[in-house]
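In: could you work out the structure for the sequence below:
(one chain, ligands or ions: 3)
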Amino acid sequence: MKLNRNDLCWCKSGLKYKNCHLEFDEKLSDLKRKGHIVPTRNLIKTRAQIEGIRKSAEINNGLLDLISENIKEGMTTEEINKLAHEYTVSNGGIPATLNYDGFPKSICVSINNVVCHGIPSKNVILKNGDIVNVDATTILNGYYSDASRMFMIGEVDEEAKKLVEVTKECLNKGVEAVKPWGFLGDIGAAIQEYAESNGYSVVREFGGHGVGLDIHEEPFVSHLGKRGTGMVLVPGMVFTIEPMINAGSNEIFIDEDDGWTVFTDDDSLSAQWEHTILVTEDGIEIIAR
Ligand code: MF3
Ligand code: CO
Ligand code: CO
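Out: Residues are numbered from 1 along each chain as shown. Ligands and ions are numbered 1, 2, ... in the order given. Presented below is the predicted three-dimensional model:
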């Protein structure tokens, strides 16, 4: 259905189309005509949806803060799961990973050579020197937010510390590469360059993703890429950037028994940080961190 200039805008702002997304839509059609990949309308969040995602992220951010205050040597990863579950539920949220595609827990905890999707267990104890990723995804009133952080347990050797720091910087560089009317490939290029210039490799099989109305939406956000390629990034898009960086090769395998845990093939260390971001008119907003 084609909107007329004086109709109300599709984004539910209450404004007339000509005073809202008309120019935006024309710009997108133009880019599409020139052969670029442009986001479909369902990837552009309305103001109310963005507000909902921000509220969800308040719980997700609070949860990761709580974990950072409590994580310590000797703790089991099941205890982290319990903290996460209880915090989320007591704040009115739902842990998005619990029963997602059969995932059995409320959070992912990935230690050392685990790349991602580590399943909390009462048999896994955090030990001195571990580097640990805790990845939280929250649903509140149907809105999703997603972020992860690295934690270093006790005395961590220099090599592992450097991987954690470079990976954090990879995320920052990916976020800085996001520009309204820029390209998805700008993100992957920035991350890949920085990781590889430090002698590390970038995991290819898993990436960031649109998020907000579901846990995983379009587009897939690769952490490798070429500038000026891929989907055009426009105000209102919400997605994650979550580079998984390996100290050795980027080959991975998935645990055959649990079907989830992703390991580095060469047993080398892997680190990951994740934000949920919103593309705005003049830059970005970090929503979940
Ligand atoms: N939070 C993860 C992500 O960043 C999703 C984990 S899905 C699970 O995309 F099932 F493994 F928990
Ligand atoms: Co996540
Ligand atoms: Co994610």
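In: could you pull up phi and psi at the most centrally placed residue in the chain?
Out: Geometric centre of the chain, nearest residue: Thr240, 3.1 Å, by C-alpha atoms, centre = their mean. Backbone geometry at Thr240, expressed as degrees, to the nearest 10, gives phi -100, psi 150.
In: cool, Ile287 as well?
Out: Here Ile287 shows phi and psi, under degrees, to the nearest 10, equal to phi -90, psi -50.
In: tell me the contacts of it?
Out: Residues near Ile287 by C-beta atoms under 8 Å, 6 or more residues apart in numbering: Ile53, Arg54, Ala57, Ser145, Val238, His275, Thr276, Ile277, Leu278. From N, CA and C alone the C-beta is placed, and that goes for glycine too.
In: who in the stretch 101-250 of the chain is up against ligand 3?
Out: Contact residues, the stretch 101-250 of the chain versus ligand 3 (C-beta under 5 Å from the ion): Asp146, Thr240.
In: find the closest residue to ligand 1 in the stretch 101-250 of the chain.
Out: Of all residues in the stretch 101-250 of the chain, Phe103 sits closest to ligand 1, at 3.3 Å by C-beta to the nearest ligand atom.
In: next, count neighbours for that residue.
Out: 18 (other C-beta atoms under 10 Å).
In: excluding chain neighbours, what is closest to it?
Out: Of all residues not flanking Phe103 in the chain, Thr97 sits nearest, at 4.9 Å (C-beta to C-beta, 6 or more residues apart in numbering).
In: I'd say the one you found and Ile107 touch.
Out: Yes: at 6.5 Å, Thr97 and Ile107 qualify as touching, with contact defined as C-beta atoms under 8 Å.
In: the two: which is more packed in?
Out: The residue with more neighbours, out of Thr97 and Ile107, is Ile107; 30 against 25, by other C-beta under 10 Å.
In: list phi and psi for the residue lying closest to that one once chain neighbours are set aside.
Out: The shortest distance from Ile107 to any non-neighbouring residue, by C-beta to C-beta, 6+ apart, is to Ala84 (4.1 Å). The phi/psi pair for Ala84 (degrees, to the nearest 10) reads phi -60, psi -50.
In: which residues touch Ala84?
Out: Contact analysis of Ala84 by C-beta under 8 Å, 6+ apart lists Leu63, Ile67, Pro95, Ser106, Ile107, Val134, Ala136.
In: same question, Ile215
Out: Counted by C-beta under 8 Å, 6+ apart, Ile215 has contacts Ala96, Thr97, Tyr100, Thr137, Tyr144, Asp146.
In: hang on, it is in a strand, isn't it?
Out: No: using DSSP: H, G, I helix; E, B strand; the rest coil, the assignment for Ile215 is coil, not a strand.
In: what about the strands in the stretch 151-289 of the chain?
Out: With DSSP state E, counting those that start in this stretch as the criterion, the stretch 151-289 of the chain has strands at 201-202, 208-210, 217-221, 238-241, 244-246, 252-254, 262-264, 270-272, 275-279, 284-288.
In: spell out the secondary structure type for the residue lying closest to Val156 once chain neighbours are set aside.
Out: Leaving aside its chain neighbours, Val156 sits nearest to Gly129 (5.5 Å; criterion: C-beta to C-beta, 6+ apart). Under three-state DSSP, the three-state class of Gly129 is coil.
In: for Gly129, give me the backbone phi and psi.
Out: Residue torsions, per degrees, to the nearest 10, at Gly129 are phi 90, psi -10.
In: numbering from 25 from now on, please.
Out: Happy to do that; since the first residue is 25 now, the last one works out to Gly153.
In: who's in contact with it?
Out: Ile177, Gly178, Glu179, Val180, Asp181, Ala184.
In: got the contact list for the residue in the stretch 75-224 of the chain that ligand 3 sits nearest to?
Out: Closest contact between the stretch 75-224 of the chain and ligand 3, by C-beta to the ion, is at Asp170 (4.1 Å). Asp170 makes contact with 84, 120, 159-162, 235, 239, 264, 266, 298, 300, 312, according to C-beta under 8 Å, 6+ apart.
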